[in-house]
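**Q** got a predicted model here, sequence first, then my questions.
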Amino acid sequence: MVVCDARTVRADRLLQVVGLLRQHGRLSATELARRLEVTPRTVLRDMEALSTAGVPVVAERGRGGGFSLLPGYRPAVEELTASEVQALLLTGRVPADSLGLAGPLASALRKVAGSAPPEHGRSAARISDRVLVDLTGWWGAAEELEHFDAVQQAVLADRRLRLTYRPRDPTRTGVRTVDPYGLLQAAGTWYLIAGHGGRPRSYRLSRVLAATVLDEPSSRPADLDLRALWGDLRSQFAGPPGHTIRLSCDPARYELALTLLASQGAGRPRVLDDGPPVVFEVEVHVLRPTVGVLAGLGSAVRALAPPELLTMMVAVAEELLAAYPDVRSPAADPS
């Protein structure tokens, strides 16, 4: 999961401050504020945060004064361990494409690898060449995120957002004004976490039909923990599995069946008979999507229980036959 909130923005700004001071030697609060597009008061708070974090910031008062770094100070990239360098090279790339930062990230990672001790850089490069992290699904095309930039702007600027949103039920499409809390990417899908109607909610960005950043400050709880909130929202959405189903499966299709069922939120299987055929039980949340998965597997999987699942399978089969009255199956042709 990747989260994007105000804390991420501030950390990035603090790194920019260190970079500017290393490059220019000494800069006034006013000049830093101009370059960073923040207020001088924000710069003073950033300097305090850097000092607390152990960065040797020197403040000089009077004419020609300003902020500088202690002579000889260098960020401790050289102190990175091999595993820390490897983690940066491997995990940092995952959301960069979606954020439009693939180029800058690649440049930054090259700098990190080049500044790290040679043995760490070689080890990390070897892993980077041989390990690929891809969070997109096998059957899912990349999501269309037409309004990502507007949503991200509202999140980072702490502004309210007017959304035209299409939920799973298209009859409920409508306009709502929300207080953005943060952005996150989970399993390759981007979500906006925002307050609406006094409650935190999640909005899948691919279902946002329009987004307008409003000139109104958003109301975001000061102590909000985005990662913990997302965990709560996920558990509320999933809920406990509601049905135990029993299936009989061709061993050659067993792994595929498990993969497809898992994509619908099914639990871990319990094998009752390793067959052939393999007989197993699994917990699912809703029967209707499960029927679609099983129908797609054809005769390789047979539903055994509960009775309502069998009834739904037969109903789907009858609907399909009725939809193609003039088409004969080759298997049914005696010739």
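**A** That came in fine, so what should we check first?
**Q** could I get the average pLDDT for stretch 261-269?
**A** Stretch 261-269 shows a mean pLDDT of 83.
**Q** do the same with stretch 165-179
**A** 83.
**Q** next, the buried residues of the longest strand belonging to the chain.
**A** Counting residues, the longest strand in the chain under DSSP state E turns out to be strand 174-186. For strand 174-186, burial by neighbour count (16 or more other Cβ atoms under 10 Å) applies to Val178, Asp179, Pro180, Tyr181, Gly182, Leu183, Leu184, Gln185. (Glycine included, C-beta is placed from N, CA and C.)
**Q** wait, the fourth one sits on Gly195?
**A** I take that to be Tyr181. Yes - with contacts counted by Cβ atoms under 8 Å, Tyr181 reaches Gly195, the gap being 6.5 Å.
**Q** anything in contact with each of the two?
**A** Common neighbours of Tyr181 and Gly195, counting by Cβ atoms under 8 Å, 6 or more residues apart in numbering, are Arg220.
**Q** please name the nearest non-neighbouring residue to Leu320.
**A** Using Cβ to Cβ, 6 or more residues apart in numbering and skipping the chain neighbours, the partner closest in space to Leu320 is Ala295 (7.8 Å).
**Q** and that neighbour, how far from Tyr181?
**A** 39 Å (Cβ to Cβ, to the nearest Å).
**Q** could you do Ala29 as well?
**A** Note on Ala29: its distance to Tyr181, by Cβ to Cβ, is 30 Å.
**Q** just to revisit the earlier point, identify each buried residue in the helix or strand just after the longest strand of the chain, please.
**A** Helices and strands here follow DSSP states H and E; after strand 174-186, the next one along the chain is strand 189-196. Neighbour counts over strand 189-196 (16+ other Cβ under 10 Å) mark Thr189, Trp190, Tyr191, Leu192, Ile193, Ala194, Gly195 as buried.
**Q** try stretch 46-61
**A** Buried, per 16+ other Cβ under 10 Å, within stretch 46-61: Asp46, Met47, Ala49, Leu50, Val55, Val57, Val58.
**Q** where does this protein dip in pLDDT?
**A** Under the criterion of pLDDT under 70, the regions of the chain flagged as low confidence span 1-12, 75-143, 169-170, 187, 236-241, 329-335.
**Q** in it, which spans are strands?
**A** 2-4, 26-27, 57-60, 66-69, 159-165, 174-186, 189-196, 199-204, 208-217, 243-249, 270-273, 278-284, 301-305.
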